[in-house]
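**Q** okay, here's the prediction I keep looking at, along with the sequence it came from:
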Amino acid sequence: MKRVFFDSGRITLQDVPTPLPGPGEVLVRVLWAGICNTDIELLKGYHGFRGVPGHEFVGVVESAPDSPEAQRLLGQRVTADINIGDGPGDARHVPGRRVLGIVNKDGAFAEYLTLPMANCHIVPHAVDNRAAVFAEPLAAALEVGQQVHLQATDRVAVLGDGKLGILIATALRHGCPGIVLIGKHGDKLAVASRQGVRTAMLQDAPALGPFDVVVEATGRPDGVETALDLVRPEGTIVLKTTTLERSCLDMARIVVNEIVLKGSRCGNIPLALGFLRDKLVDVGELVEADYPLERFEEAFALASRPGCRKVLLKMGQAR
């Protein structure tokens, strides 16, 4: 099979044997995968990464353990929770966890991958392949509403008009109809506006605040400082950005204004698949382009350009 391999800032396309699933694992033939900003950071050295990246995908289960629970997955389209933890507790945080395409587990930029069957979730028939790729980032977007008790009357802002920012705003608007997406790019703000989200250019945002909750999704290490400019005293900032470069915080502002900082990462995949099935969000306009796996370097170069929307990889004859 073909796979993409990152090593010390270099990208290679390799031909290797198809992996064999271990106990409790299934073999998945990848159909489509999406390039995430995290993948871009991995190539720069985030997490000291070396291996096969990719964690946003949809595929078909081609082999499964001989058990009734596993056999129901055979031949089904699936996507997956990316955290693999051994032992009790939340797999997102157990010591020694593996993370698909990020920590000690080869990812989805390959024709095949293996996963624990417990991590797999069947994609509803109403969700097409290209939309299914967005299940993982949409789950991360929806996680904000699972972590913070948002009320319809709360003044909520999403800072950053990239892919994740748009997903957060369009998903959370169903519970917070007054949510505001703040960014620098009129064309990207328009994508959210067409789904009923109020939008504002960054320079105009201070006049709309202060906000009870600010979700920081800029993808920049200085994004948290901008969030501090917009949140009210005793308000909450939800942090989504992960970068190789470290952020600097003005601790005095946080302490004096008694700001709550909340980290937010992965979310509930079935919830995201339900949103996609019921067409509560439209991810179609978030796709910039798609490429076959063999043209990964071109796809990655495009995905790395500032302002680029989601770049998808198509495996083989996938539709």
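**A** Received the coordinates, thanks. Here the structure is a predicted model, which is why all the values come from computation and not from measurement. Numbering: from 1, shown residues only.

**Q** residue 260: neighbouring residues, count only.
**A** Counted by other Cβ atoms under 10 Å, the residues lying close to residue 260 total 13. From N, CA and C alone the C-beta is placed, and that goes for glycine too.

**Q** contacts only, for it.
**A** When contacts are counted by Cβ atoms under 8 Å, 6 or more residues apart in numbering, residue 260 touches 234, 235, 236, 237.

**Q** again, only this time at 6 Å
**A** residue 236 (Cβ atoms under 6 Å, 6 or more residues apart in numbering).

**Q** same thing with residue 53?
**A** 6, 39, 42, 101, 107, 109.

**Q** SS state for it?
**A** Classification of residue 53 using DSSP: H, G, I helix; E, B strand; the rest coil returns coil.

**Q** so how far is residue 308 from residue 98?
**A** 29 Å (Cβ to Cβ, to the nearest Å).

**Q** related to what we said a few turns ago, pLDDT and neighbour count added to the contacts of residue 53, as a markdown table?
**A** Formatted as a markdown table, the contacts of residue 53 follow (pLDDT from 0 to 100; neighbours: other Cβ atoms under 10 Å):
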| residue | pLDDT | neighbour count |
| --- | --- | --- |
| 6 | 95 | 23 |
| 39 | 94 | 27 |
| 42 | 91 | 22 |
| 101 | 95 | 27 |
| 107 | 97 | 26 |
| 109 | 98 | 31 |
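
**Q** show me which pair in those is furthest apart.
**A** 42 and 109 (10.6 Å; Cβ to Cβ).

**Q** any regions of the stretch 201-319 of the chain where pLDDT drops low?
**A** Applying pLDDT under 70 to the stretch 201-319 of the chain flags the ranges 317-319.

**Q** ok, which stretches of it are strands?
**A** Secondary structure of the stretch 201-319 of the chain (DSSP state E, counting those that start in this stretch): strands located at 211-216, 231-239, 260-263, 287-292, 310-314.

**Q** for the shortest one, the distance to its chain's centre please.
**A** To tie it back to what came earlier, the one meant is strand 260-263. Its chain's C-alpha centre and that of strand 260-263 lie 19 Å apart, by Cα atoms, centre = their mean, to the nearest Å.

**Q** so what strands line up beside that strand?
**A** strand 231-239 (parallel) (DSSP bridges).

**Q** circling back to that earlier point, from the contacts of residue 53, which land in helices?
**A** 39, 42 (DSSP state H).

**Q** residue 294: how many residues sit nearby?
**A** Neighbour number of residue 294 under other Cβ under 10 Å is 12.

**Q** oh, and call the first residue 20 from now on, that's how I've got it
**A** I'll keep to 20 as the first residue from here, and by that count the last item is residue 313.
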